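[1] Structure of the sequence below:
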Amino acid sequence: MKIGEVVELLKGEFPALSVSKVRYLESEGLISPHRVGNGYRRYSKADVERLRYALTAQRDEYLPLSVIRERLQELDGAVNAPPPAPVARVVASGGHAVSGALDAADLVHHSGATLEQIEELVAIGVITPDAHGHFDSRALTTVSLALRAGRLGIPLRNLRAVRSAAEREADAIDLATQHKRNRSRNAGEDAAAELAGVLADLHASLLHHAVEALR
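    Here you go, the predicted structure:
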């Protein structure tokens, strides 16, 4: 399949997708199409599924490309099959797939957190239940990461600052993509997801540099 055909195939799901975006994701190591004569690329069904996975993770989970790349590598090592859509599956610390609405007891069971820790994360706004007291599957990932940060020395209460920083970046993204959202909701969402990924990678780079400067 040619790159233009790939773009057209996925346009319905990702209206803002372009040839340049596909090539950018390739340069970042998320897909590796087969090269034929004269440097032309041919994309397999597996390449398309990897691309769909990456684009969905950017749009729905605002993940940086570095994290998406790690997930793809983990899936490559685990199974020889196209990766599932991240909104339909979250892998808990125990390696079990969890999907659908979760209550506090589910978060405790799958993450290993205590109920008190879940309540503390809710109190500081790191995770937020809906009107029925349920959490989406992304909350499990958030709780697992918060617990890892705690084990590495950062008290859960200090994650309020991390949440506040994320909200400030979200406000900046909203402002930067408002003009695209005014023209097309889908285009605005794709632009916001892409910008969130870029800022997440930039944040990681700056954070690593700042930590190295302390040594």
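[2] thinking His110 is in contact with Leu140, fair?
    Yes: using Cβ atoms under 8 Å, His110 is in contact with Leu140, at 5.7 Å. Any C-beta I mention is one placed from the backbone N, CA and C, and that applies to glycine too.
[3] Who has more neighbours out of these two?
    More neighbours surround Leu140 than the other of His110 and Leu140, with 24 against 20 (other Cβ atoms under 10 Å).
[4] Lowest-scoring secondary structure element of the chain by mean pLDDT?
    One helix or strand of the chain scores below all others by mean pLDDT, DSSP states H and E: strand 90-91, with a mean of 40.
[5] Are we agreed that Ser32 is in a helix?
    No: counting by DSSP: H, G, I helix; E, B strand; the rest coil, one finds Ser32 to be coil, located in no helix.
[6] distance of it from Leu51?
    Applying Cβ to Cβ, to the nearest Å, the value for Ser32 to Leu51 is 11 Å.
[7] Among the two, which residue is more densely surrounded?
    Ranked by neighbour count (other Cβ under 10 Å), Ser32 and Leu51 place Leu51 first, with 24 against 13.
[8] tell me which element the more buried one is part of?
    Leu51 is located in helix 45-61, with elements delineated by DSSP states H and E.
[9] which other helices and strands contact that helix?
    In terms of contacts (3 or more Cβ pairs under 8 Å, 6 or more residues apart in numbering; DSSP states H and E), helix 45-61 is packed against helix 3-10, helix 19-27, helix 65-78, helix 185-213.
[10] Domain map for the chain?
    3-84, 89-154, 160-213 (automatic domain parsing).
[11] in the chain, which residue is closest to the centre?
    Leu63 (2.5 Å; Cα atoms, centre = their mean).
[12] so what's it up against?
    By Cβ atoms under 8 Å, 6 or more residues apart in numbering, Leu63 lies in contact with 57, 71, 86, 197, 200.
[13] residue ranges with poor pLDDT in the chain?
    37-39, 77-100 (pLDDT under 70).
[14] How far does the helix or strand hosting Arg168 sit from its chain's centre?
    Per DSSP H and E: Arg168 is located in helix 159-183. In terms of Cα atoms, centre = their mean, to the nearest Å, the centre of helix 159-183 is found 15 Å from the chain centre.
[15] Quick one: list the elements packing against it.
    helix 185-213.
[16] Now do the helix it packs on and helix 45-61, the angle between them.
    Per axes from the mean of the first three to the mean of the last three Cα atoms, to 10 degrees, the angle that helix 185-213 makes with helix 45-61 is 80 degrees.
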